[in-house]
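A.B. asks: Okay, predicted coordinates and the sequence, questions at the end:
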Amino acid sequence: MLDFIKIREQVYLADANKASVEVSDELIEEFGNACKDAFRKQFTEKRQANFRYRMSNIGRPLCQLQMEKSGAEAEPMPYNAKMRNLFGDLIEAAAITIMKSSGIEVEDIQKKVNYKFEDKEINGTMDVKIGGKVWDIKSASPYSFEKKFGESGGFNEVVREDSFGYASQGFLYGESQSKKFGGWIVIN
């Protein structure tokens, strides 16, 4: 399925390089709304003060999670962290718009999900569902794109060297909906 997604997008983008391509007004509005939502999320949304486990943090090193839960003061984020996060959100919005414009049937976008176990639950927001599988969209530097997600890396390498928790996050998104995790759609 990932090859299908990649090829459809590449053909669409190659066509767009040659001439105008079809993009519905509805998709352009959806993209604009996603961009506005991303800006609000990064700059104006109130953040939850109390620590909680989330699908996006569950794969981090245990000692880091324990320190966060104990209330230990974290190292300050670099001044450009919000911009990097915003770029990731904007790239994701563009990727979804391009997928839809290229004819890929997108089943769900930015769906709130939860996984229940024993008397607890963990929440998250999955990026996209295509072909009955859950996919996580990532933006990556050229180096990360090639060495981690590309020919030199790939799915098994990400799972083996997963210091960010990408694999556990993706598998939890899938499991929470009784769907398979397809992997990552990575944009350089």
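C.D. replies: All right, it came through fine. Numbering: from 1, shown residues only.
A.B. asks: ok, and residue 5, which helix or strand is that part of?
C.D. replies: helix 2-18 (DSSP states H and E).
A.B. asks: ok, residue 24 - contacts?
C.D. replies: Neighbour list for residue 24: residue 101 [criterion: CB atoms under 8 Å, 6 or more residues apart in numbering]. C-betas here are computed from N, CA, C, even on glycine.
A.B. asks: do the same with residue 137
C.D. replies: Each residue near residue 137 by CB under 8 Å, 6+ apart is listed here: 91-92, 95-96, 127-128, 184-187.
A.B. asks: Would you mind checking those for buried ones?
C.D. replies: 91-92, 95-96, 127-128, 184-187 (16 or more other CB atoms under 10 Å).
A.B. asks: now, which of the residues you listed lie within strands?
C.D. replies: Secondary structure from DSSP state E places 127-128, 184-187 of these in strands.
A.B. asks: Could you single out the nearest of those residues to residue 8?
C.D. replies: Minimum distance to residue 8 across those is 11.6 Å, recorded for residue 185 (CB to CB).
A.B. asks: count of neighbours near the closest residue in space to residue 141 that isn't next to it in sequence?
C.D. replies: Closest residue to residue 141 apart from its sequence neighbours, by CB to CB, 6 or more residues apart in numbering: residue 188 at 7.4 Å. By other CB atoms under 10 Å, 14 other residues sit near residue 188.
A.B. asks: Please name the residues that touch residue 188.
C.D. replies: Counting by CB under 8 Å, 6+ apart, residue 188 has contacts 139-142, 145.
A.B. asks: tell me, which helix in this structure spans the most residues?
C.D. replies: Scanning the chain for the helix with the most residues, using DSSP state H, yields helix 81-101.
A.B. asks: chain center to stretch 129-140, what's the gap?
C.D. replies: Between the centre of stretch 129-140 and the centre of its chain there are 7 Å (CA atoms, centre = their mean, to the nearest Å).
A.B. asks: I meant to write stretch 90-102 there.
C.D. replies: 12 Å.
A.B. asks: returning to what we had before: got the contact list for the helix holding residue 5?
C.D. replies: Counting by CB under 8 Å, 6+ apart, 21, 98-99, 101-104, 130-131, 135, 182-183, 185 sit against helix 2-18.
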